[in-house]
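Engineer: Here's my sequence, what's the structure:
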Amino acid sequence: MRNYLVRIGLRLQKVIDFTYPLFRRFVPLQIYRYGACGTANIVFDWILYFLVYNFLFKGRFFSLGLITLSPHIASLVLTFPVSTFSGFLLQKYVTFTASNLRGRVQLVRYLIIVLTNLITNYAGLKLFVDGLNFYPTPSKMIITVVTVICSYIGQKKFTFRMSSRGKE
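Structural biologist: Coordinates of the predicted model:
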């Protein structure tokens, strides 16, 4: 399975790298790959969310017995793990391919960054919208810029860094 993912990752790299010369003056290759993978994963998440919301839950509440989830939250609960895992695979096999850390170590670290981003989004929205009375959409945009920058640094320096001792 790993060899299959490596081959797919190399093919995706070639596709992404084909358009890189247009942006070479503005960003390093790794940041370009990170942005391309992240953008592709966001679009995948949006499409998956749309399909789950409209065709699986059909805009209806979903009962789990003790609690009932609204359709938008139920869709988020179902799609979030899928898009998180696809994002991890893209970053591991397309962007940060030089890391020699074990895959499970990378996955745990990736999840730590994702959870940190969720907390940052929540806290940032509470601060900007509830505390400072900013509009929600521009607040979310500001927070997204911050989390994308922090996430890139975290993925590069923590999740997919090179181990100095070989395999961890």
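Engineer: Doesn't residue 10 belong to a helix?
Structural biologist: Yes. Applying DSSP: H, G, I helix; E, B strand; the rest coil, one finds residue 10 inside a helix.
Engineer: Give me the number of neighbouring residues for it.
Structural biologist: 12 (other C-beta atoms under 10 Å). (C-beta placed from N, C-alpha, C; glycine too.)
Engineer: and it, what pLDDT?
Structural biologist: Looking at residue 10, its pLDDT is 96.
Engineer: immediately after the helix or strand where residue 19 lies, which helix or strand?
Structural biologist: Assessed by DSSP states H and E, residue 19 sits inside helix 2-19. Helices and strands here follow DSSP H and E; after helix 2-19, the next one along the chain is helix 29-51.
Engineer: What is that next one packed up against?
Structural biologist: Applying 3 or more C-beta pairs under 8 Å, 6 or more residues apart in numbering; DSSP states H and E, one finds that helix 29-51 contacts helix 2-19, helix 71-90, helix 136-154.
Engineer: show me the contacts for the residue nearest the centre of the chain.
Structural biologist: Geometric centre of the chain, nearest residue: residue 87, 4.7 Å, by C-alpha atoms, centre = their mean. Applying C-beta atoms under 8 Å, 6 or more residues apart in numbering to residue 87 gives the contacts 37-38, 41, 110, 114.
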